[in-house]
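[1] 3D model of this:
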Amino acid sequence: MTIRTSDIDGVDMVILPPVRDLGDGFTVRRALPSAHRRMVGPFIFFDQMGPAAFTGDEGLDVRPHPHIGLATITYLLEGEIMHRDSVGSVQPIRPGEVNWMTAGSGIVHSERTPDALRPTGSRLAGLQTWVALPTAHEETDPSFAHHKADTIPAIEDAGTKLTLIVGTSDGLKSPVKTFSDMVYADIVLAPGARYQLKGEHVERAVYVVSGEVEVVGQSGSFAANELVVFKPDAEIVLRSTAGARLMLIGGEPFPEKRNIYWNFVSSSQDRIEQAKADWRGQRFPKVPAESEFIPLPEDPKPVRYP
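    Below you'll find the predicted structure:
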């Protein structure tokens, strides 16, 4: 994980996440959590998946695994994933659609390349993010919601298109039900286009998926695969000379610290330990038609977060 400071007004830090190879050429870049920044608003996990090309019978095979105390958001840029979970959901997701899975008191799910795509090969790219749940909702009942692309609001003006995946921004409100203040948006800038980052949410960051952006009136730029974390209430204008795609995340920070271990998030370390014991003992609910599972990893070395 590489961190660099910036002399640009309104920018707190820039995170360059490391590339992790998960096998078969499938890579992820994990921007959150990092040793220098645990969360941005309620967002506690941010992975860029791929892009990857699968051939033959290859594909994504994320075996059943558990979550507590969070909600996962899956958003694809390319390809297709079949989602299955312990509340009985079986749902393919494609580019522009949104899967919101509330883990709450505990859920188990798998993510795989659909069988129909394996003989011919396929491509996959997208974003996997988690948001921590407010303390009052950490033990809510698990649930799953899928939203088609044509239900997700978007605005386009002067070469800038903003698709509001979750939350509120720029006069739009996503239909995805949330538990706290947040914003998650897909912003595409044509060459020469601009986007004004307003102070609508306390904490905000932009992940550069592709291209390069600069802050109008200041020197310096941000390149692909960088997470740019802004200072609270900063209002700046981003511009791309050759075009860019950005993911905007943010929201109101929680007053309490969040503990994170593997796929578990909680305000209580005791609750994390209980979840670990429950997964070891296979006391989580099962995913129908799935027999595999990912074992609990060994306790990692402690990571100090600010």
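
[2] may I have the distance across stretch 18-38, first residue to last?
    End-to-end distance for stretch 18-38: 15 Å, by Cα to Cα, to the nearest Å.

[3] pLDDT on it, on average?
    Stretch 18-38 shows a mean pLDDT of 86.

[4] return the set of buried residues in that stretch.
    F26, V28, R29, R30, A31, L32, P33, S34, R37, R38 (16 or more other Cβ atoms under 10 Å). (Each C-beta comes from the backbone N, C-alpha and C, glycine too.)

[5] same list, these, but as JSON lines with secondary structure and distance to L124 please.
    JSON lines is the format used below for the buried residues of stretch 18-38 (DSSP: H, G, I helix; E, B strand; the rest coil; distance: Cβ to Cβ, whole Å):
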{"residue": "F26", "secondary structure": "coil", "distance to L124": "8"}
{"residue": "V28", "secondary structure": "strand", "distance to L124": "11"}
{"residue": "R29", "secondary structure": "strand", "distance to L124": "14"}
{"residue": "R30", "secondary structure": "strand", "distance to L124": "17"}
{"residue": "A31", "secondary structure": "strand", "distance to L124": "19"}
{"residue": "L32", "secondary structure": "strand", "distance to L124": "21"}
{"residue": "P33", "secondary structure": "coil", "distance to L124": "24"}
{"residue": "S34", "secondary structure": "coil", "distance to L124": "24"}
{"residue": "R37", "secondary structure": "coil", "distance to L124": "27"}
{"residue": "R38", "secondary structure": "coil", "distance to L124": "28"}
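
[6] and G69, how far is that from A35?
    G69 sits 21 Å away from A35, going by Cβ to Cβ, to the nearest Å.

[7] rewinding a little: of the buried residues of stretch 18-38, closest to L238?
    Among the buried residues of stretch 18-38, A31 lies closest to L238 (Cβ to Cβ), at 17.5 Å.

[8] for I249, see how far away the closest one is.
    Where I249 is concerned, A31 sits at a distance of 9 Å (Cβ to Cβ).

[9] which neighbours do the two have in common?
    F46, Y207 (Cβ atoms under 8 Å, 6 or more residues apart in numbering).

[10] what sits against R280?
    Residues counted as contacts of R280 (Cβ under 8 Å, 6+ apart) are L296.
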